[in-house]
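J.: this is the structure alone, sequence omitted:
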């Protein structure tokens, strides 16, 4: 996904963005109970929807969220100058770095979720992501990296358990660790955004970051209704109605990928093999906490059809669905009660209760 800065430098996209902002402003009438706004951050479109909120308060909240998201985007970017880059440079050089309380909390939560996932969500494989070429705004081209380069990194085995955070100090016993929070940062940012909305007294809202979201409250007399993308054809696979305060996140091999000699290589790397995970095409998680849903969707995708239930249990996930390479849908009974499919799937594989 192109970065925010790159999108704004493109004249056509800049014009379309301004036109969209004007259209949204026109739609937010004083008598309309739904307020919409959008901005770019974390390389994607952030869509805000508030219900039954005074326009002045809604605009104040929208401005505050845009500023906060852009600050988090800059601080947590995996390959552009910022606070996270300084942490990575310190860990690679002296094996230590200073962190402020916000960065320390971010890293500690990422590390905690990594341990719960048995390392399938691994936030410190930034070097592996880089040799695949997914540390740039533009998708990579050409052949995949040489097997020797991948093997060398796997032998160093970077893991979150190599990291120690003590107050404002972070240290590592493994120089191969490099943080890339792409499978976690959006969810963590959305949680911070929802906290900000609640503090302002907004109780009915959605923060949607490129299809991954957290919804609170309701849309008037009815629940919010969320579509889950079909991973292999245009349109919606199923829909769900979040219950009060829930997050819905999906990881898929269609988000960032390139093709070489007829084979698709996507950005969700299996830390065990060093190659893109190949058993699933998408994984969807419902969870009250967006950061957990974000990390768990990646971990279940990597785990694949056989191992995902055990990982879901460890991560405290009650509702999950996975689509495998053959198009079979795997889910647990609780998830089945939450979904409305657009058309009846050919094959549903029911897992044990999580």
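T.: Arrived safely. Bear in mind that the values here come from a model prediction, so they are computed numbers and not experimental data.

J.: dump the residue contacts of residue 287.
T.: By CB atoms under 8 Å, 6 or more residues apart in numbering, the residues touching residue 287 are 246-247, 249, 293, 296, 316-319. For glycine as for every other residue, the C-beta is placed from the backbone atoms N, C-alpha and C.

J.: now with 6 Å?
T.: Residue 287 makes contacts with 247, 293, 317, as judged by CB atoms under 6 Å, 6 or more residues apart in numbering.

J.: and the longest helix seen in the chain, what's its mean pLDDT?
T.: Assignment by DSSP state H gives helix 290-314 as the longest helix of the chain. Regarding helix 290-314, the rounded mean pLDDT is 97.

J.: other SSEs contacting it?
T.: Helix 290-314 is packed against helix 185-199, strand 245-252, strand 280-287, strand 319-324, with contacts defined by 3 or more CB pairs under 6 Å, 6 or more residues apart in numbering; DSSP states H and E.

J.: list the strands paired with the last one, with their directions.
T.: I take that to be strand 319-324. strand 280-287 (antiparallel), strand 329-331 (antiparallel) (DSSP bridges).

J.: residue 52 touches residue 33, doesn't it?
T.: Yes. Counting by CB atoms under 6 Å, residue 52 touches residue 33, with 4.8 Å between them.

J.: between the two, who's got more neighbours?
T.: Between residue 52 and residue 33, counted using other CB atoms under 10 Å, residue 52 has the larger neighbour count: 16 against 12.

J.: quick one on the thing from earlier: in the longest helix of the chain, which residues are buried?
T.: Of all the residues in helix 290-314, those buried under the rule 16 or more other CB atoms under 10 Å are 290-305, 308-309, 311-313.

J.: same thing with stretch 213-232?
T.: Of all the residues in stretch 213-232, those buried under the rule 16+ other CB under 10 Å are 213-219, 223-224, 226, 228-231.

J.: next one: stretch 331-340
T.: Going by neighbour count (16+ other CB under 10 Å), the buried part of stretch 331-340 is 331-332, 335, 338-339.

J.: so what touches that stretch?
T.: Outside stretch 331-340, the residues that touch it by CB under 6 Å, 6+ apart are 238-240, 318-321, 351, 353-354.

J.: restricted to buried residues, select those in ChimeraX.
T.: To isolate the buried members of the contacts of stretch 331-340 in ChimeraX, using 16+ other CB under 10 Å:
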select :238,240,318,319,320,321,351,354
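
J.: now, the most widely separated pair of the contacts of stretch 331-340?
T.: Maximum pairwise distance in the contacts of stretch 331-340, criterion CB to CB, is 22.8 Å, between 239 and 353.

J.: spatially nearest residue to residue 346 (excluding sequence neighbours)?
T.: residue 327 (6.9 Å; CB to CB, 6 or more residues apart in numbering).

J.: now do residue 83
T.: Of all residues beyond its chain neighbours, the one nearest residue 83 is residue 75 (4.2 Å), with distances taken as CB to CB, 6+ apart.

J.: my guess is the one you found contacts residue 82. True?
T.: Yes. Checked against CB under 6 Å, the pair residue 75 and residue 82 is within contact range at 5.2 Å.

J.: in the stretch 1-150 of the chain, where is pLDDT below threshold?
T.: Filtered on pLDDT under 70, the stretch 1-150 of the chain yields the residue ranges 1-32, 137.

J.: again, only this time at 80
T.: 1-32, 136-139 (pLDDT under 80).

J.: which residues in it form strands?
T.: Secondary structure of the stretch 1-150 of the chain (DSSP state E, counting those that start in this stretch): strands at 34-41, 44-51, 96-98.
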